[in-house]
Each structure stands twice: as structure tokens, then as C-alpha cells.
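Student: okay, sequence plus prediction incoming.
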Amino acid sequence: MSQKNETTVLTLTILITLGLLGICFWLFSNKFNFQPGSINLNQPELTQQFNKVDTFSKVQNVPSGLFNYGGSTSWAPIRRDVDPIIQVSWLKFRLRYTQSISNIPGSGTAIKMLLNNQLAFAQSSRPLKQQEYQEALQKGFTLKEIPVAIDGIAIAVNPNLPVSGLTIAQLQQIYLGKLTNWNQVGGPNLPIVAYSRPLEAGGTVEFFVENVLNGEDFGNKIKLIDTTTQALRKVAQEAGSIYYASAPEVVPQCSVKSLPIGRTVDELVPPYQEPFIALYQCPSQRNQLNIPAFRTGEYPITRRLFVIVKENGQVDQQAGLAYANLLLTTQGQDLLTKAGFVSLR
């Protein structure tokens with residue numbers, strides 16, 4: 001073969017190879033929405049894509065870096081059981097739980113920290129308020145709430161209290177201070193000692209006030225306490241005490257029992273799976289959450305959990321979207337269910 005023919009063959013080979021590489025790159029770019037040198041923050045709606053992603057490792061646009069996050073105390077089981085598995089899958093996506101120096105931990109506190117650029121994203125047990133949207137706009141960005149799970153609110157009482165359950169109306173009257181003795185709801189002649197975290201503490205309290213108390217103030221004799229841990233200790237020690245919190249924080253406890261709740265006395269629904277496991281069998285056996293009743297709404301006090309994302313076109317937005325995307329994968333939803341919450345699937 002002449003040198004001229006060899007050169008022609010070599011040139012054709014190079015052109016064909018370059019053409020094939022171009023086609024492969026085009027296919028890859030279209031499949032993964034890849035744009036060199038850019039961060040894709042305009043992702044499709046999460047609820048449309050989470051069923052298509054199986055595992056944490058397949059989530060796209062997970063940034064590298066150290067990101068402060070925090071929020072609702074109701075998210076404690078997620079921070080304990082789910083977030084460490086995310087960290088194993090994405091070693092460079094480092095999450096640091098951060099609390100306020102001066103304010104009680106909670107949804108409202110975390111959203112305030114997010115607005116003040118102290119967090120990359122927030123975990124909330126309530127939706128955003130209009131004034132929070134407005135404050136974000138004044139600071140030059142927007143806030144977005146992304147639902148990731150459903151949670152139930154459980155009512156904790158002393159394990160020796162002989163009360164079969166409460167209606168929503170009775171629970172409301174207790175926390176408005178209009179029912180003050182357990183004999184008014186079919187129990188013993190025993191004063192009711194009702195505990196709550198302060199209103200400014202977080203989303204669970206705000207949700208309770210809005211949805212159970214219809215926006216009315218707590219009664220004068222309601223005892224305020226800083227944390228759920230402290231409150232559950234009080235309930236375990238005091239015969240007539242009562243407290244409310246996220247169901248995963250209450251139902252599996254060995255020192256208190258959770259009451260069935262209903263819209264009427266004829267439809268009391270337990271937040272635990274029946275039959276109730278006697279507390280003396282705990283911790284070898286623990287009561288499990290009544291996930292089916294939470295999912296269908298048969299249990300009357302449920303709410304959604306949200307990731308709050310700062311939409312500012314920067315890496316904090318990418319981190320918040322990535323975290324929500326991770327929780328909305330099949331793996332994330334399964335882990336949320338194991339942590340005691342209801343998946344959105």
C-alpha cells in the first residue's frame with residue numbers, strides 16, 4: 001500500500017473515531033443533563049423523580065464540602081438513623097448538625113438561622129410562614145419547602161394512668177386549661193398536669209397550637225419545658241401528667257405510654273401497633289408505630305416534614321436540593337420508614 005493510501009485510511013479512521021466519541025458524549029449529556037463547568041440547580045420536580053432513583057449513590061449534583069444544617073427536634077431519629085448512611089454513600093458531602101447558641105432548637109430557630117446565613121438548609125416539622133418567605137425576599141433570595149415524609153403526633157401519659165384515650169376536643173380542652181382533672185375524661189380523681197415546649201421552640205408546638213388548639217393560647221396552668229427528653233422524664237414520674245411530641249420520640253419509650261386519639265370517643269386510634277406491649281417487657285420488646293393509620297389519616301394528628309432550601313443560586317441551594325433528593329430516593333424513603341416516619345410513596 002502506498003504512503004498516500006495509508007494516510008487516507010489513517011485520516012478516515014481518526015474522523016470515524018471522533019464522530020463516535022461525539023455521539024457517545026451527546027447521548028451521555030442528554031441522559032444525565034450534564035453541562036461542563038456548571039451546577040444544575042434547575043432540577044425537575046422532586047416528587048416526579050424520586051421513584052426513579054433507587055439508592056443514595058445514584059443521586060446527581062451532590063456537592064462536596066462541609067454544610068451546617070439543623071432544625072426540628074422531631075428530625076432527631078432521621079439525624080441518628082438516616083444521615084450517617086448518607087455520609088457513608090457521599091463521603092465528601094459532609095453534614096454538621098448546628099444548634100443556635102441562644103435559642104431553643106426547633107424548626108423556627110433553624111429557619112431563622114437559614115435566613116441569617118448560619119445554615120446551608122433546614123429540617124422543619126411545619127411549612128414555611130408568610131413572614132419567612134417575605135424576609136427571604138428582602139434578603140435577595142427565596143425559600144422552598146420540600147416535603148419528604150409524614151409524621152404523627154403522639155400523646156404521652158404516665159404508664160399507670162387508667163385512661164383509654166382522648167378525643168381531639170378533650171385534648172384541646174386540656175391544653176386550653178378547661179379540663180383540669182382526669183375524672184372529667186373518664187379517669188381517676190387526679191389533677192391534670194399538662195406539659196408543652198414553648199411556642200417559640202419549634203414546629204411541633206406551632207402545629208399543635210394551630211391544628212389542635214385552633215390558634216388559641218395555652219391555658220395559664222400549662223407547664224413549659226425546654227426539651228422532649230425532660231418532659232418525658234416528668235411524665236414518667238408524675239401520675240397525672242401529659243405531653244405531646246413526634247410519635248417516634250414517644251411510642252417506643254419504656255417509661256411512658258401513648259394514648260389512642262380520635263375525632264370521637266367511638267373512633268379512638270392508637271399511635272402504636274396493637275396489641276399494646278406492656279412496658280415491663282421493654283426494652284427487649286418495644287411498641288411499634290402504627291404506620292398504616294398515619295398513612296391513611298385514620299390517626300387524626302399527622303403532619304408533613306420538610307427540607308427548607310435557600311434558593312440563592314449558590315452551593316447552599318445545591319446542598320439543600322441534594323439532601324432532599326437523597327431522602328426521596330427509594331433507599332431514603334425506606335430508611336425514613338424504619339426511623340418511624342411515613343414515606344410519601
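Tutor: Structure's in. What do you need?
Student: can we go C-alpha only for contacts and neighbour counts from here?
Tutor: Will do.
Student: just want the most central residue of this structure.
Tutor: Per C-alpha atoms, centre = their mean, the C-alpha nearest to the average position across the chain is that of Leu305, at 3.8 Å.
Student: after the helix or strand where that residue lies, heading C-terminal, what element do we hit next?
Tutor: Take DSSP states H and E as the rule and Leu305 turns out to sit in strand 302-311. Once strand 302-311 ends, the next helix or strand along the chain (criterion: DSSP H and E) is helix 315-327.
Student: avg pLDDT for that following helix?
Tutor: Along helix 315-327, the predicted local confidence has a mean pLDDT of 98.
Student: run through who's touching that helix.
Tutor: Contacting residues not belonging to helix 315-327 are listed as 39, 41, 46, 50, 55-56, 59-63, 67, 86, 120-122, 146, 148, 307-311, 332-333, 336 [C-alpha atoms under 8 Å, 6 or more residues apart in numbering].
Student: after it, which helix or strand is next? Please name it.
Tutor: Next along from helix 315-327, by DSSP H and E: helix 330-338.
Student: mind listing residues that contact that next one?
Tutor: Contact partners of helix 330-338, identified using C-alpha under 8 Å, 6+ apart, comprise 50-51, 53-56, 78, 81-82, 149, 326-327, 342-345.
Student: please state the offset of that helix from the chain centre?
Tutor: 12 Å (C-alpha atoms, centre = their mean, to the nearest Å).
Student: and what of stretch 202-211?
Tutor: 14 Å.
Student: thinking again about what came up before, now list the buried members of the contacts of helix 315-327.
Tutor: The neighbour-count criterion (16 or more other C-alpha atoms under 10 Å) marks 41, 46, 50, 55-56, 59-63, 67, 86, 120-122, 146, 148, 307-311, 332-333, 336 among the contacts of helix 315-327 as buried.
Student: residue boundaries of the helices in the chain?
Tutor: Using DSSP state H, the helices found in the chain span residues 3-32, 46-49, 76-81, 83-89, 107-115, 130-138, 168-175, 203-211, 228-237, 247-250, 291-296, 315-327, 330-338.
Student: right, and these - which one's nearest Ile277?
Tutor: Taking C-alpha to C-alpha, helix 247-250 is the member of the helices of the chain nearest to Ile277, at 13.7 Å.
Student: by contact count, what packs against that closest one?
Tutor: Packing partners of helix 247-250 (3 or more C-alpha pairs under 8 Å, 6 or more residues apart in numbering; DSSP states H and E): strand 142-157.
Student: circling back to that earlier point, and the closest residue to the residue nearest to the centre of the chain other than its chain neighbours, how far is that from Leu268?
Tutor: Spatial nearest neighbour of Leu305, excluding adjacent residues (C-alpha to C-alpha, 6 or more residues apart in numbering): Ser125 at 4.6 Å. Per C-alpha to C-alpha, to the nearest Å, Ser125 is found 24 Å from Leu268.
Student: try Lys310
Tutor: According to C-alpha to C-alpha, Lys310 stands 40 Å off from Leu268.
Student: count of residues packed around the closest residue to Ser57 other than its chain neighbours?
Tutor: In space, and not counting its chain neighbours, Ser57 is closest to Ser89: 5.9 Å by C-alpha to C-alpha, 6+ apart. Here the number of neighbours of Ser89 (other C-alpha atoms under 10 Å) works out to 14.
Student: gap between Ser89 and Ile308?
Tutor: Counting by C-alpha to C-alpha, the gap between Ser89 and Ile308 amounts to 22 Å.
Student: pretty sure Gln262 sits against Thr167.
Tutor: Careful, residue 262 is Gly and not Gln. Yes: counting by C-alpha atoms under 8 Å, Gly262 sits close enough to Thr167 to count as a contact (4.7 Å).
Student: what's the overlap in contacts for those two?
Tutor: Here Gly262 and Thr167 have Leu268 as joint contacts, going by C-alpha under 8 Å, 6+ apart.
Student: got a pLDDT number for Gly202?
Tutor: For Gly202, the model assigns a pLDDT of 79.
Student: next: the one 10 residues further on.
Tutor: Residue-level confidence at Val212 comes out at 97, pLDDT.
Student: return the residues in contact with it.
Tutor: With contacts defined as C-alpha under 8 Å, 6+ apart, Val212 is in contact with Ile168, Leu171, Gln172.
Student: run a quick neighbour tally on the first one.
Tutor: Think Ile168. Applying other C-alpha under 10 Å, I find that Ile168 has 20 neighbouring residues.
Student: separation between it and Gly340?
Tutor: Here Ile168 is placed at a distance of 22 Å from Gly340 (C-alpha to C-alpha).
Student: one more: Ile153?
Tutor: In this structure, Ile153 and Gly340 are 12 Å apart, going by C-alpha to C-alpha.
Student: what touches both of the two?
Tutor: Overlap between the contact sets of Ile153 and Gly340, as judged by C-alpha under 8 Å, 6+ apart, is given by Ala247.
Student: just checking, Thr264 touches Thr167?
Tutor: Yes: with contact defined as C-alpha under 8 Å, Thr264 and Thr167 form a contacting pair (5.5 Å).
Student: neighbour count for these two, which is higher?
Tutor: Comparing Thr264 with Thr167 by other C-alpha under 10 Å, the one with more neighbours is Thr167, at 20 against 12.
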